[in-house]
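> next come a sequence and a model predicted from it.
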Amino acid sequence: MAATTGEGSATAITTTPPAATAARDAGGAVAAGLRERISVLAARLVRYLSRPHWWIEILLVWSIYQAYSYVRNLGGKETAPAMLNGEHILDIEKALHIDVELTLNRWLHDNPWLENLAALHYHTLHWWVTIGVAVWLYCTNRPGYRRASLVLALTTIIALVGFYLIPTAPPRMFDGYLDTMSYTSSWGWWGISGSPGPESITNEVAAMPSLHCGWAIWAGMMIALYARRRWLRVLGILYPMTTVFVVMATANHYLLDVVAIMVVLAVAMAVVYAPWHLLWGRLARLRRNRDDSGAVVG
């Protein structure tokens, strides 16, 4: 330490020992090298995972199925809160004059052949069209498939959270509505629960939001975006429309369930298709500028 004295004042100038400076520089270099290695490894991992690999897809589907089986049943133990939530939705729809479910349900029941077709649509297409579109994209459009599959996964996860937080009884559980799946169960191979899936993963009060419509809208969008033939694109547009009609006419969902899943799907698409690389690049530049400023000051 050296001290210099002026007129009426004294200023102490402290200098850092060379050994401490060298140690600090060495530590900074090690930290910078470690950060660089981590960044490179993370970039390689992201690049690998961004490309569809069959084992990753199987793991993703298995994980979602397990979450679907577990979470979907967590909210189905007590029907009282679910019935109350269903009543609230009906009250809101009546106030907005959009309570069309009962009218559609009675009209469908008055047309037996259409009622049977609607039950077949509800029970079958929900699974097979979604799986078919996913496999088709995987085989024909790997870049499109990666983002599309992430949108589907995120939409499903958010919907599962909704099933748990907002258990909701479907319209068919209320007086006045006719349970189409129950009426047509002797004609088809499905049970009387109204579920489009196995009874082992069925939650009777998982109406909000309509994952049934969410998967259909996703499949329709993928077909409309990536199919080459015009008639396939037309079918892609029509499929979610028919699904919306079917879920309400069979008294399995409310119109607001459809609106809710559309919001969920929009959020999932915004997250997946957002330009995250621009954000990461900006953050990296800010970090480098901060490091450079610290080095100058030191």
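That came through fine. Numbers count the residues shown, from 1 in each chain.
> state the distance from residue 258 to residue 151.
17 Å (CB to CB, to the nearest Å). Just so you know, the C-beta spots here come from the backbone N, C-alpha and C atoms, and that holds for glycine as well.
> again, but for residue 230
24 Å.
> give me the more crowded residue out of those two.
Taking neighbours as other CB atoms under 10 Å, residue 230 and residue 151 compare with residue 151 leading, 22 against 8.
> how many other residues sit next to residue 101?
Residue 101: 26 surrounding residues under other CB under 10 Å.
> that one contacts residue 250, doesn't it?
No: the criterion here is CB atoms under 8 Å, and residue 101 misses it with residue 250 at 9.6 Å.
> any weak-confidence spans in the stretch 1-150 of the chain?
Along the stretch 1-150 of the chain, the parts satisfying pLDDT under 70 run over 1-33, 35, 39-55, 68-69, 71-78.
> where exactly do the strands run in it?
For the stretch 1-150 of the chain, the strands defined by DSSP state E, counting those that start in this stretch occupy 2-6, 9-13.
> low-confidence stretches in the stretch 151-298 of the chain?
186-203, 276-298.
> switch the cut-off to 80
185-205, 274-298 (pLDDT under 80).
> how about the helices in it?
Assigned helices in the stretch 151-298 of the chain, in chain order: 180-184, 211-226, 230-249, 255-273, 276-297 (criterion: DSSP state H, counting those that start in this stretch).
> residue 60 is nearest to which of these?
helix 255-273 (13.5 Å; CB to CB).
> now do the closest one: which elements does it pack against?
If you count contacts as 3 or more CB pairs under 8 Å, 6 or more residues apart in numbering; DSSP states H and E, helix 255-273 packs onto helix 80-96, helix 142-165, helix 211-226, helix 230-249.
> residue 173: which of these is closest?
helix 80-96 (6.9 Å).
> give me the residues contacting the closest one.
75-76, 99, 101, 166-171, 173-174, 204-205, 207-208, 254-257 (CB atoms under 8 Å, 6 or more residues apart in numbering).
> ok, now how distant is residue 271 from residue 241?
Look at residue 271 and residue 241: by CB to CB, they are 26 Å apart.
> tell me how many other residues crowd the spatially closest residue to residue 247 that is not a sequence neighbour.
Setting aside the residues directly before and after it, residue 247 is nearest to residue 253 in space (CB to CB, 6 or more residues apart in numbering), at 4.0 Å. Other residues lying near residue 253 total 30 when counted by other CB under 10 Å.
> ditto for the one 3 residues further on
Counted with other CB under 10 Å, the neighbours of residue 256 add up to 21.
> in stretch 138-158, what counts as buried?
138, 145-146, 148-158 (16 or more other CB atoms under 10 Å).
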